[in-house]
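Q: could you look at this predicted model? Sequence included:
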Protein chains: 2
Amino acid sequence: MKKTFLIIFTLAIFGCNNQNETDSLLVSNINELQEAITNSEPGDVITMKNGVWNNSQIKFHATGTQNRPITLRAETPGEVTIEGESVLKISGEHLIVKDLYFKNGYTPDEAVIIFRNSPDSIAYNCRVTRTVIEEFTQLDRHRKDHWVEFYGRNNEMDHCYIAGKSNEGPTIKVYLNDNRHINNYHKIHDNHFGPRPRKGGPKAETMQLGASTTSMTPSYTQVTNNLFEKCNGEVEVISSKSNFNNFSNNVFLESEGSVVTRHGNYANISGNMFLANDNPYVGGIRVINTGHWVTNNYFFGLKGQEFRAALAVMNGIPKSPLNRYNQVTDAVIAHNSWINCEQPIHFSVGVNLDQAEVLPPSEIRSARPKRVIFANNFVYNDKFMSYPIKAYDKIDGIKFKSNLMVSNQTMDSDRNDFKLQSVSEFIGDEMFFAPEYDGELYKGFDFETIDQDIFGHARNEDQNHVGAIIPPIDPTVAKVDFAKYGASWFTPYQGNQDIKTHNVSNSGELIAAIEKANSEDVITLNPGNYLIDKTINLSKELTVNSASEKATIQFNALKLGFLIHPKGILHLENLNIVGTPEQDLFNTLDENMSMAYGIHMNDVSVSNFKSVIDASKSSFADEIIISNSQFDNCKNGFLLDKETDDKGDYNVEFLTITNSTFDNISNEVIDFYRGGYDESTIGGVLHFEENIVTNCGALDTDEILINTRGIINVTMKGNQFKNNKTKLTAVLWGAKGQEPVNNTIVNSGKIKVVENLELKLVY
Amino acid sequence: MKKTFLIIFTLAIFGCNNQNETDSLLVSNINELQEAITNSEPGDVITMKNGVWNNSQIKFHATGTQNRPITLRAETPGEVTIEGESVLKISGEHLIVKDLYFKNGYTPDEAVIIFRNSPDSIAYNCRVTRTVIEEFTQLDRHRKDHWVEFYGRNNEMDHCYIAGKSNEGPTIKVYLNDNRHINNYHKIHDNHFGPRPRKGGPKAETMQLGASTTSMTPSYTQVTNNLFEKCNGEVEVISSKSNFNNFSNNVFLESEGSVVTRHGNYANISGNMFLANDNPYVGGIRVINTGHWVTNNYFFGLKGQEFRAALAVMNGIPKSPLNRYNQVTDAVIAHNSWINCEQPIHFSVGVNLDQAEVLPPSEIRSARPKRVIFANNFVYNDKFMSYPIKAYDKIDGIKFKSNLMVSNQTMDSDRNDFKLQSVSEFIGDEMFFAPEYDGELYKGFDFETIDQDIFGHARNEDQNHVGAIIPPIDPTVAKVDFAKYGASWFTPYQGNQDIKTHNVSNSGELIAAIEKANSEDVITLNPGNYLIDKTINLSKELTVNSASEKATIQFNALKLGFLIHPKGILHLENLNIVGTPEQDLFNTLDENMSMAYGIHMNDVSVSNFKSVIDASKSSFADEIIISNSQFDNCKNGFLLDKETDDKGDYNVEFLTITNSTFDNISNEVIDFYRGGYDESTIGGVLHFEENIVTNCGALDTDEILINTRGIINVTMKGNQFKNNKTKLTAVLWGAKGQEPVNNTIVNSGKIKVVENLELKLVY
């Protein structure tokens, strides 16, 4: 049986303007636009002329009617680009905005699109459709904004494409702090939430509905039929912080986070698909608080654990403060399917009694889930799977009824939580599976309201089934049909479709090639020595390698080799790089590192620099991946320690160094820091494996050769440390499962493991 | 203008059984009853035969239909009395219970009437009507129960009379701890909640809807058109602890507490009347949490302050724990009338920053009300009134709009919170007033939903008005028509309508008269000496006095003068009472003090006892009132200090001693104790005024002559203390406003004032 699944990509069909043109007024600049808005009447269409609308702060305040809304649209979809410092504020009633394209800028306000013009001028029954916001991100990732702020009631966002937010703040935020915004029934549907890059810290949700301070409000926001693709900002893709929200029939594709009922109660999470496509960080649904219904969801190939488990049901804090973790009670988890997931069901996630020594009592999650019904669910794995449930605390508040597990596994057959069947009885196609099953289903209180399966087939007395799908499965059903989502006129950038290789033979050619190359191009150095006497600025993705034997790049500048700009990604392969003790090989911009960068080195020899990298405070690398390389005679190795606000942020997501050598690095080999404790964000990853570190640390004043304070995931395995001068080689964090494995330490400081770190709480 | 108001008491009209008798089955005992229930079918009527049903634990489990319910009823309303250890459990669907009378007993279960038979056998669409529960109270006030427990959905209690619960636990409790009980829409209407005695501590609400642990659940319980008469159990008459509850058109008559939105949000509190009838402890509405609407309420003559203010809007605790105080936000307080109330509107009640030294940070209520709209309200007073608003903190979160105040008062006329009018413009009748007013009304968000006044007159564009009433007022409108409420067949006991005086001349006659007298009778002693050689048991209300000159009652028993039983109330007047140093004048039963007792003395001389009173642990006196009396040569005065569980309970509500003398009381004059701090309960009252205390305290080991630790209200005024031996005369609690006034202290310990007491928290 195959584990892969189809992704159908339909060519975007450009939408055509079928609006009645008779009422349309064409405007060419912001003044004309505002005047047209001021004079608008029900039924009017205001058309923005094609072109770049720079620094446009549009206040769309008008009053349409249900049958005669007022429309603001682009002359041609996608040909009106709103750039620079721009914002669109909408208030009034029955307004429609469509076909706009925000790019190449950022908002000077609190958001890009705001459903109000002022606290007392609010939008009701307004709609934004077929609009794109792409990389409209702040220059500094710590400057907080949102991209769409919902206020009022009955507002709608549909068929939009939203991607590329790198700075702090949820992409979509629904406000509830006023009676005028509650019971809002906002509709967010058929959108394509494209990639949101890893932020390297908290506050990077794709959607946040409410806040802990308004978590008691009824919201009724409807989030349906959206595609969330690679929404990797943080561990919460959606953070539901209000009551009665509905998350149905969405697809979560390779998104490194979960749908989390963070605050508030009685969410409906049904009919969603979670697809990992081998990404181990993809999450599912994390349940906190009371009364949620999790039904008909389909989890395929998920490997996330704990906070990112396919299903995580958390422990709460007894009598929790408003902004922390209430106990899970009265939840219903029924008719879900977990297919080829690794131990997908986690109960009592977040239990932390063992951290009582470093956390205050009001932080201890000891309240187990209670009055939870887990019924009519289906788990399948086509290879060996250990027991599908991981429990971090006693399971005494979950009622298991009529669940089915089909797997080649070791679980006893008489457990009451799952009935077992053998693999052979299985039916299905490549991705969608439903078992043969003729057992009884559990009929719980209100279960008759689960009246459809994930495909909309009726569940009733005559026809029902365990799991999310009632067989037979329609073989023609689309798995993920991208064309269904987002603005039909817009095609997201698909990467460089014509990658070129630029062969160079001297410094001048090299520098010229770097400047003129398109992103993703390759620059290949013929053998020789390339003396570079200026800093190379990099704001695109390039590969630099040697044609055959290793070429040598020798930096002659006083200060710096590469200055990395946002989106600068450099792959170095098969090279020698030589510097001077006064210069760093890599720096990042001191300011305006608006988007992530990356560094990859394979088979590279680096010598004679002050630091290999010394990254600036608010810079963020998605990946720094080093393999088979040598670092000699430098003062420092990798300095990723400037983010010291202690708010949970850090400077690199993945720092991976394998099969490499460090010799005579006189200060620190690695300084990778994260300050501020927020247990729900789980980042900072260091893999340091199979390296040889010798004669390092002679001048290291903090006495730790590889310093990873506050980093959550550290693997230190199979390395050799010889003749290093620091008191300690590394300090690992035991509570996070860090432990040294098979390292050889000779005449060097030991690797110490501390169980708990005392850290500043960030909430 | 009169301040009194009419109470119309209509003679109860006995209901007649108009049930179709053809389906009725008469049952005579519990076995026949249970068999009839087991065999019942839709449309059946099961009739319980008249008589005493003792120790009857009825399990009414059956399934009727909407059109053909199954009914359980009394043969004759009120003639079926359910007594002893009895309980009625109801589960199933479409069941009706009517005309039963619970008295002379108590439940052996968790409640008297329970809308379920077991956790999985629950009532839906069931009704209890025209039923009475009277003094069906536990033998010990610390044995907790409820009288009616609601589970399930759509259950109803109407036209019932419920009175006399003295023990711990709300009278009515709505449970929400399961999805099967939420969104319950229970209807509690047209009931008469008769007197609930003061309990002397917390946990004596008349109604509690939910709990802090389920305060996030939607409840939608409908509490409408009920009369709450003297519901004095504690400071909360109704404790709403869930969401979306409705409290409309109820009358709160002389009830010493408030409707409190203790937990949960979005209550509707509208069209209620609060009538104090000169009782200074009567409360109104106390607001905590988010989104409540308080509209069309009418407050007449209320004098309560702070927690019992006519309107109390509390401060919250930032990020409050689940069981403490959330901030008030998004409340709407509109179209209410406060008539002849003393400073009725209190904002930021409960602020306690000054107690930071004795309370943990999670107890400090510093979060002021926010986004609160206070509009279209009306305040009237026919005499001088200081400013109607008392603010305990800054008022910066209240929006005041179009409020009218009519009063002879000193407030500046240009305040933005109230518009002023002079008294002369006033119109109204004895109790109901509405002013002439032609100013604008505020039209807030959703204010169109306030579409009626308190009498049901339409509010609309053409007709609207400040306050709860749109004039003109119908002069025939009934103020409080008792006949509208409760079971029509039942008339609450109206007291002894034929009070007799029994003249006695010797001990035998005295003892015989005490035994045979009816409650409230008077026993008058001719002059002489009455030597009593046995303990007198008292379980009714009696007055004992002298015909002319003071008679002397001399107790000759070894142990005790009077042994007070529940409901024993003794008025002693114009008497000498002499004992021996081994005996107490008053004791209470050691156990089973199920109801309150009382002692009143005027012009009584007491001498030569061990203690005047030494009350038992779980006893509770509603009042001990002493005036113009002398206490000589006793070891102790008033010992009311045995309730030491430190859960907020205490042994007497009002201890009042005035114009009396204490001479040679060798130990303590008073020991009145309350342990356990719950700031929302406000009891224990000592008035000690104009007394003379001499030569006392010689043997007092705790060195405080008048010990009142933990008692909230202490007045110590105009007393003379001479030649007493204790180190301190008294210790007063400054934070509660206690201070000594005009006391003379000669050769005695001083009166110390401590600001804060360290007390055990009880929640």
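A: Nice, I can see it. Numbers count the residues shown, from 1 in each chain, chains lettered A, B, ... in the order given.

Q: let me know the secondary structure of A:R180.
A: At A:R180 the chain is in helix, as set by DSSP: H, G, I helix; E, B strand; the rest coil.

Q: any idea how far it is from B:Q305?
A: 34 Å (Cβ to Cβ, to the nearest Å). Placement of C-beta: from N, CA and C, glycine included.

Q: what's the neighbour count on whichever residue of the stretch 551-700 of chain A sits closest to chain B?
A: Relative to chain B, the nearest point of the stretch 551-700 of chain A is A:D678 (15.3 Å; Cβ to the nearest Cβ). For A:D678, the neighbour count with other Cβ atoms under 10 Å in any protein chain shown is 18.

Q: same check, this time on A:E110
A: Neighbour tally, A:E110, other Cβ under 10 Å: 14.

Q: buried residues, stretch A:245-252. List them.
A: A:245-252 (16 or more other Cβ atoms under 10 Å in any protein chain shown).

Q: returning to what we had before: A:R180 and B:Q305: which is more packed in?
A: A:R180 (22 against 19).

Q: A:I511: what secondary structure?
A: Going by three-state DSSP: A:I511 is helix.

Q: burial check on it, number of neighbours?
A: Residues lying near A:I511 (other Cβ under 10 Å) number 16.

Q: I'd guessed the residue of the stretch 551-700 of chain A closest to chain B sits against A:D649; true?
A: No: using Cβ atoms under 8 Å, A:D678 makes no contact with A:D649, being 10.1 Å away.

Q: need the contact list for the closest residue to chain B within the stretch 401-550 of chain A.
A: Nearest to chain B, among the residues of the stretch 401-550 of chain A, is A:F445, at 5.0 Å (Cβ to the nearest Cβ). A:F445 is in contact with B:179-180, counting by Cβ atoms under 8 Å, 6 or more residues apart in numbering or on different chains.

Q: ok, now how distant is it from B:H181?
A: Taking Cβ to Cβ, one finds A:F445 at 10 Å from B:H181.

Q: before we move on, back to that, nearest to B:L227 among the buried residues of stretch A:245-252?
A: Of all these, B:L227 sits closest to A:N245, with 40.4 Å by Cβ to Cβ.

Q: how much space separates the closest one from chain B?
A: Distance, A:N245 to chain B, using Cβ to the nearest Cβ, to the nearest Å: 14 Å.

Q: kindly report the same for A:E254.
A: Distance, A:E254 to chain B, by Cβ to the nearest Cβ: 33 Å.

Q: hang on, the earlier thing: what two of the buried residues of stretch A:245-252 are the furthest from one another?
A: A:N245 and A:V251 (17.8 Å).

Q: ok, and the helix or strand in chain A with the lowest average confidence?
A: Sorting the helices and strands of chain A by mean pLDDT, DSSP states H and E puts strand A:426-428 at the bottom, at a mean of 49.

Q: who are the packing partners of the helix or strand following that one?
A: Next along the chain after strand A:426-428, taking DSSP states H and E as the criterion, comes strand A:433-435. When contacts are defined as 3 or more Cβ pairs under 8 Å, 6 or more residues apart in numbering or on different chains; DSSP states H and E, strand A:433-435 sits against strand A:337-339, strand A:378-385, strand A:426-428.

Q: strand A:433-435 pairs with which strands, parallel or anti?
A: Using DSSP bridges, the strands paired with strand A:433-435 are strand A:426-428 (antiparallel).

Q: what sits closest to A:D498 if chain neighbours are left out?
A: A:N518 (7.8 Å; Cβ to Cβ, 6 or more residues apart in numbering or on different chains).

Q: what are the buried residues along stretch A:361-368?
A: For stretch A:361-368, a neighbour-count test (16+ other Cβ under 10 Å) marks A:362-368 as buried.
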